[in-house]
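Enquirer: what would the 3D arrangement of this be:
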Amino acid sequence: MRFYDRLINESAPGALQAVPAVTNVPSAEYPRVYADARVTFRIHLPSAQSVQLEGGQGLCAKPIPLAKDADGNWSLTLSPRVMGFHYYWFNVDGVRMNDPGSETFFGYGRETSGIELPDPQQISSDLVTAPVVPFYAPHKATPQGQLHEQWYESKVTGKWRRCFVYTPPSYDAAASSGTRYPTLYLLHGAGEDETGWSRQGGLNFIMDNAIEGNSSSFFAASSPKAKEMIVVMDNDYATYAEPPNPANPDPSESFLGPFMNSGVAAFGAVLVNELIPMINGAYRTIADRDHRAIAGLSLGGAQAMAIGLAHLDLFSNIATFSGAQFARPHSGSASSASPSSGFDPQTSYGGVFADAATFNGRVHLLWMGAGTAEVAMSESLRENAGRLRAANIKVEEYHCPGTAHEWMTWRMCLNKFAPLLFQA
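Expert: Numbering: from 1, shown residues only. Now for the predicted structure:
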């Protein structure tokens, strides 16, 4: 996250200004981003016969061909795209390859090129006005929390596992007083891992700014300051080392349906039986359900709902961002799903919504979000949130304007959700 350091120093006005993307490797000139939100990709492949740009939904939903010049450079300039982080790669004569000019991020089940596209407000068009610092970047007026890498041995999987833990700005200074903090367990999406929320999402900066009250410095103010909290980011993928006792399965498994064949079967057991106790022992948490939340994006949203609703003894706050449980996937992609008609508040999730008074009394916050450009997901979320309200279930709903199944949607969802946590 280095957007604020790379102000344009070229003399060309407005849309002609361009700088290397902040996600480039050192000294790489391409990709380059423009003040009007265009982006140019270039790669030197003199022997290639065909080069196409491919990537995430928010950057290019379909492959786009690059043009070759006499020197063997393949280039493409995209029209303005949604700001934020996007995955991409090149298809070279039918073979997928990453861009040597870009850093890589774990996505789509492998290391994948990524680019951070700034909003035009972040690049002064006349070299006079100061660029705006977004809510997902460091701010000079905002105290910083810390990210910790935590390893633990899992008996459920028979392997060592890694999670990342965010502690808020006051955490270390408050050690002598023994101050304890609520905890949010935050899950990544399909094909990603425990690094996703910090590297692609800017989790620590989002939380720092939300806690300080700078979360709206880039968007209209709409939320209170977030409470200081610990945030735990583990790998959502887990398989059992040995078959679980059929008489005592984790109840969240029955709610995951089609996702059970994707290596997530054991994660609920890991989180409930190993991760939460480990975090409570290693960090100064308030170890009760009233001060514990779970949320996730896409596949992680489906897991957050399944695990949270199956364990209301552990969680009182539950959120899903572009949650795959509220759509009927086809072609292997939850992001290209069609609205689902299978959700019934009286029977779904083991009937946990059937008694609205009991549910509303136990769950402090049920929150659902999606981007308006991920049309099927957004429509399905709206439909099913409506069903919950018709059943007298209290639910918060958010639709991020103009964003698709991409990181800007999930950054915005977290920015809206976090300040609502633990306010009672």
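Enquirer: so where's the stretch 251-400 of the chain uncertain?
Expert: When residues are selected by pLDDT under 70, those of the stretch 251-400 of the chain lie in 326-341.
Enquirer: for the stretch 51-200 of the chain, give me the ranges with low pLDDT.
Expert: Residue ranges of the stretch 51-200 of the chain with pLDDT under 70: 120-132.
Enquirer: 80 - rerun?
Expert: 119-133 (pLDDT under 80).
Enquirer: can you give me the helices in it?
Expert: For the stretch 51-200 of the chain, helices defined by DSSP state H, counting those that start in this stretch occupy the ranges 196-199.
Enquirer: in it, which spans are strands?
Expert: Ranges of strands in the stretch 51-200 of the chain, per DSSP state E, counting those that start in this stretch, are 51-55, 64-65, 67-68, 73-78, 84-92, 95-97, 104-107, 110-117, 146-154, 159-167, 183-187.
Enquirer: can you list the strands that the first one pairs with?
Expert: Strand 51-55 has the following strand partners under DSSP bridges: strand 64-65 (antiparallel), strand 84-92 (antiparallel).
Enquirer: most neighbours per residue, which of the ones you listed?
Expert: strand 84-92 (a mean of 23; mean count of other C-beta atoms under 10 Å). Backbone N, C-alpha and C define where each C-beta goes, glycine included.
Enquirer: CA atoms of it as CSV?
Expert: C-alpha atoms of strand 84-92 as CSV (Å, rounded to 0.1, in the frame of the first residue of the first chain):
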residue,chain,number,x,y,z
GLY,A,84,-9.0,-0.9,-5.9
PHE,A,85,-7.2,-4.2,-6.2
HIS,A,86,-7.6,-6.6,-9.2
TYR,A,87,-6.1,-9.9,-10.1
TYR,A,88,-4.8,-10.4,-13.6
TRP,A,89,-2.5,-12.5,-15.8
PHE,A,90,-1.6,-13.0,-19.4
ASN,A,91,-2.6,-15.8,-21.7
VAL,A,92,0.4,-16.3,-24.0
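Enquirer: just the C-alphas of stretch 402-419, formatted as PDB.
Expert: Below are the C-alpha coordinates for stretch 402-419, written out as PDB (Å, rounded to 0.1, in the frame of the first residue of the first chain):
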ATOM      1  CA  GLY A 402     -20.800  -0.100  -9.000                       C
ATOM      2  CA  THR A 403     -18.500  -2.800  -7.800                       C
ATOM      3  CA  ALA A 404     -18.400  -6.500  -8.800                       C
ATOM      4  CA  HIS A 405     -17.100  -9.700  -7.100                       C
ATOM      5  CA  GLU A 406     -13.800  -7.900  -6.300                       C
ATOM      6  CA  TRP A 407     -11.800  -6.600  -3.400                       C
ATOM      7  CA  MET A 408     -13.300  -3.100  -3.500                       C
ATOM      8  CA  THR A 409     -16.700  -4.600  -2.600                       C
ATOM      9  CA  TRP A 410     -15.200  -6.500   0.300                       C
ATOM     10  CA  ARG A 411     -13.100  -3.500   1.500                       C
ATOM     11  CA  MET A 412     -16.200  -1.400   1.500                       C
ATOM     12  CA  CYS A 413     -18.200  -4.100   3.300                       C
ATOM     13  CA  LEU A 414     -15.700  -4.300   6.100                       C
ATOM     14  CA  ASN A 415     -15.500  -0.500   6.300                       C
ATOM     15  CA  LYS A 416     -19.300  -0.400   6.800                       C
ATOM     16  CA  PHE A 417     -19.500  -3.500   9.100                       C
ATOM     17  CA  ALA A 418     -16.700  -3.000  11.500                       C
ATOM     18  CA  PRO A 419     -17.900   0.300  13.100                       C
END
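Enquirer: from Met229, how far out is Glu111?
Expert: According to C-beta to C-beta, to the nearest Å, Glu111 stands 30 Å off from Met229.
Enquirer: more neighbours: the two, which one.
Expert: Using other C-beta atoms under 10 Å as the criterion, Glu111 and Met229 rank with Met229 on top: 25 against 13.
Enquirer: quick one: contacts for the residue lying closest to the more buried one once chain neighbours are set aside?
Expert: Nearest residue to Met229, sequence neighbours excluded (C-beta to C-beta, 6 or more residues apart in numbering): Pro182, at 4.7 Å. For Pro182, the contacting residues are Lys227, Met229, Ile230, Thr285, Ile286, His291, Arg292, Ala293, Leu421, Phe422, by C-beta atoms under 8 Å, 6 or more residues apart in numbering.
Enquirer: for Phe90, same thing?
Expert: Counted by C-beta under 8 Å, 6+ apart, Phe90 has contacts Ile43, Val51, Gln52, Leu53, Glu54, Leu66, Arg96, Met97, Asn98, Asp99.
Enquirer: check Tyr108 too.
Expert: Residues near Tyr108 by C-beta under 8 Å, 6+ apart: Tyr87, Gly191.
Enquirer: could we number from 10 for the rest of this?
Expert: Sure thing, new numbering starts at 10, so read that last one as Tyr117.
Enquirer: quick one on the thing from earlier: dump the strands of the stretch 60-209 of the chain to CSV, plus distance to Asn244.
Expert: Shown next, in CSV, are the strands of the stretch 60-209 of the chain (distance: least, C-beta to C-beta, whole Å):
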stretch, distance to Asn244
strand 60-64, 23
strand 73-74, 32
strand 76-77, 40
strand 82-87, 32
strand 93-101, 18
strand 104-106, 23
strand 113-116, 10
strand 119-126, 15
strand 155-163, 10
strand 168-176, 7
strand 192-196, 9
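Enquirer: tell me which of the ones you listed is the most buried.
Expert: Mean neighbour count (mean count of other C-beta under 10 Å) peaks for strand 192-196 among the strands of the stretch 60-209 of the chain, with a mean of 27.
Enquirer: ok, residues contacting that strand?
Expert: Contacts of strand 192-196 from elsewhere in the structure, counted by C-beta under 8 Å, 6+ apart, are 206, 212, 238-243, 245, 280, 284-285, 288, 292, 294-295, 300-306, 308-310, 312-313, 326, 423, 427, 430.
Enquirer: go through the residues you listed and flag which are in strands.
Expert: Among these, the members found in strands (DSSP state E) are Ile239, Val240, Val241, Met242, Arg301, Ala302, Ile303, Ala304, Gly305, Leu306, Asn326.
Enquirer: who wins for most neighbours among those?
Expert: Among the ones in strands among the contacts of strand 192-196, Leu306 has the most neighbours (other C-beta under 10 Å), with 32 neighbours.
Enquirer: that one is in contact with Phe330, isn't it?
Expert: Yes: counting by C-beta atoms under 8 Å, Leu306 does reach Phe330; the two are 4.3 Å apart.
Enquirer: sounds good, over and out.
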